[in-house]
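>>> sequence first, predicted model second:
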Amino acid sequence: MSAAADRLNLTSGHLNAGRKRSSSSVSLRAAEKPFKVTVIGSGNWGTTIAKVVAENCKGYPEVFAPEVQMWVFEEDINGEKLTEIINTRHQNVKYLPNITLPDNLVANPDLIDSVKDVDIIVFNIPHQFLPRICNQLKGHVDRHVRAISCLKGFEVGANGVQLLSSYITEELGIQCGALSGANIATEVAQEHWSETTVAYHIPKDFRGEGKDVDHKVLKALFHRPYFHVSVIEDVAGISICGALKNVVALGCGFVEGLGWGNNASAAIQRVGLGEIIRFGQMFFPESREETYYQESAGVADLITTCAGGRNVKVARLMATSGKDAWECEKELLNGQSAQGLITCKEVHEWLETCGSVEDFPLFEAVYQIVYNNYPMKNLPDMIEELDLHED
Ligand SMILES: NC(=O)C1=CN([C@@H]2O[C@H](COP(=O)(O)OP(=O)(O)OC[C@H]3O[C@@H](n4cnc5c(N)ncnc54)[C@H](O)[C@@H]3O)[C@@H](O)[C@H]2O)C=CC1
Ligand SMILES: O=C(CO)COP(=O)(O)O
């Protein structure tokens, strides 16, 4: 095959869409051996991303193996296994109802079997389950496998506060980037247009174009006509915003539930964005400030989550019902997870460890409301009292 012939000219609607820094070229080298892709996770976002990935793997057989495995945490749904329902009716009736999934997406309840001979793993589970999943995967994933984390959260432990992509790299010894954006799953699943950001560092042991995963391969894997992808390098920036906007969204839900309206919600988002950026500067100096403003994973995700995400809904119900966070999550989400409830605790623990709680009054206020029943109506004072700009 000639050099020209072995390059795929992906349609302009594919690689060329939008402003893109990483993929000025529209050509993508056919893989020597098509990359085999597995998605770990089958919740609301897990299933949506699996649909996106399966559509592209079917569309680009020169680059990807058409069959995509999706690891499913098996559940019994009215006497039927969820995996059987997905594989026969091509719907995830519990976590993404009324969306038809591609028939090349195969649900697999066996985690280890789902990553057999895999080249690319897309992690997409609620982040509290990641340590157990990584533990199970240890020894079953080759070091040349590449990964993308779609999770939003942090891991806080003996190593301090860690990005989930770094945690995956450390636990499994594989290169891992991240995908994050203004992406309410059901809207993406319904193929309403949105943008996202993928961030990935090319590893030192990169084996070459056509043999290994690079920015163009990642763009081909995730970009759809209805899901426009920007590929950048700032893994830390997109991950910090993805994790922390869930905490800010809880604050928005509280003031909305109290009936304070749009001004109060905007004030929470303003303060929240400032704290997100400060958190990045203090603990992940490698993150880039422009990521927060320019990328979908930045302020756009903050806006969409505060407008219509699950975290804001749970917090709103807490305010209107007086019920605790866990009751509200259970009542509203049918097994899905409002990640901000866990992230605000992780952030609090980390900030306490490093004596920085007072630098992040909104994050701390959200934590105190969720875990220690502080009155939400005191939120403005809780932010003001600790305001760094006061004399
Ligand atoms: N849903 C959304 O709109 C978006 C979510 N995200 C992020 O993606 C990540 C995954 O979220 P979703 O897919 O929405 O999950 P989800 O919130 O729908 O959670 C349900 C999933 O958790 C699984 N699960 C329950 N118990 C488990 C266990 N013990 N071990 C492993 N898995 C278990 C369920 O089987 C199900 O697949 C989260 O970090 C979330 O913040 C990111 C963008 C959009
Ligand atoms: O991350 C999300 C949108 O990008 C979804 O936010 P929620 O988890 O609050 O629904």
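Here it is on my side, so go on. Residues are numbered from 1 along each chain as shown. Ligands and ions are numbered 1, 2, ... in the order given.
>>> looking at this, residue 285 is in a helix?
No: counting by DSSP: H, G, I helix; E, B strand; the rest coil, residue 285 is located in no helix; its state is coil.
>>> quick check: the gap between it and residue 279.
11 Å (C-beta to C-beta, to the nearest Å). (Glycine included, C-beta is placed from N, CA and C.)
>>> please report phi then psi for whichever residue of the chain sits closest to ligand 1.
Relative to ligand 1, the nearest point of the chain is residue 43 (2.5 Å; C-beta to the nearest ligand atom). Torsion angles at residue 43 (phi, psi; degrees, to the nearest 10) stand at phi -80, psi -160.
>>> in the helix or strand harbouring residue 331, what counts as buried?
Assigned by DSSP states H and E, residue 331 falls within helix 325-333. Residues of helix 325-333 classed as buried: 325, 328, 329 (neighbour count, 16 or more other C-beta atoms under 10 Å).
>>> interface residues of this structure facing ligand 2?
Within the chain, the positions near ligand 2 by C-beta under 6 Å from any ligand atom are 152, 182-184, 246, 249, 301, 304-305, 309-311, 339.
>>> quick one: list the elements packing against the helix holding residue 331.
In terms of contacts (3 or more C-beta pairs under 8 Å, 6 or more residues apart in numbering; DSSP states H and E), helix 325-333 is packed against helix 310-321, helix 340-353.
>>> rerun that using 6 Å as the cut-off
helix 310-321 (3 or more C-beta pairs under 6 Å, 6 or more residues apart in numbering; DSSP states H and E).
>>> before we move on, back to that, what's the helix holding residue 331 in contact with?
By C-beta atoms under 6 Å, 6 or more residues apart in numbering, the residues outside helix 325-333 that reach it are 310, 313, 314, 317, 318, 338, 341, 370.
>>> in JSON lines, list those along with neighbour count, pLDDT and distance to residue 293.
Shown next, in JSON lines, are these (neighbours: other C-beta atoms under 10 Å; pLDDT from 0 to 100; distance: C-beta to C-beta, whole Å):
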{"residue": "310", "neighbour count": "22", "pLDDT": "98", "distance to residue 293": "25"}
{"residue": "313", "neighbour count": "19", "pLDDT": "98", "distance to residue 293": "26"}
{"residue": "314", "neighbour count": "29", "pLDDT": "98", "distance to residue 293": "27"}
{"residue": "317", "neighbour count": "19", "pLDDT": "98", "distance to residue 293": "31"}
{"residue": "318", "neighbour count": "24", "pLDDT": "98", "distance to residue 293": "30"}
{"residue": "338", "neighbour count": "26", "pLDDT": "98", "distance to residue 293": "26"}
{"residue": "341", "neighbour count": "24", "pLDDT": "98", "distance to residue 293": "27"}
{"residue": "370", "neighbour count": "26", "pLDDT": "98", "distance to residue 293": "28"}
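>>> how far away is residue 301 from residue 110?
For residue 301, the distance to residue 110 - C-beta to C-beta - is 33 Å.
>>> contacting residues for the residue of the stretch 51-200 of the chain found nearest ligand 2?
Closest approach of the stretch 51-200 of the chain to ligand 2 (C-beta to the nearest ligand atom) occurs at residue 183, with a separation of 4.2 Å. Counting by C-beta under 6 Å, 6+ apart, residue 183 touches 194, 196.
>>> from the contacts of helix 325-333, pick the one nearest residue 351.
Closest approach to residue 351 among the contacts of helix 325-333 (C-beta to C-beta): residue 370, at 14.8 Å.
>>> let me know the pLDDT of the nearest residue in space to that closest one that is not next to it in sequence.
With sequence-adjacent residues excluded and distances taken as C-beta to C-beta, 6 or more residues apart in numbering, residue 370 is closest to residue 325, at 5.0 Å. We have a pLDDT of 98 for residue 325.
>>> what number of residues lie near residue 140?
15 (other C-beta atoms under 10 Å).
>>> ok so it is a strand residue?
No: if the criterion is three-state DSSP, then residue 140 is coil and not within a strand.
>>> surely it meets residue 113?
No: assessed by C-beta atoms under 6 Å, residue 140 is found out of contact with residue 113, at 9.4 Å.
>>> tally of neighbours for residue 226?
For residue 226, using other C-beta under 10 Å, the count is 14.
>>> ok, residue 139 next?
7.
>>> let me see the contact set for residue 349.
Going by C-beta under 6 Å, 6+ apart, the list of residues near residue 349 reads residue 156.
>>> can you pull the pLDDT of it?
For residue 349, the predicted pLDDT is 96.
>>> same check, this time on residue 14
pLDDT, read off for residue 14, is 41.
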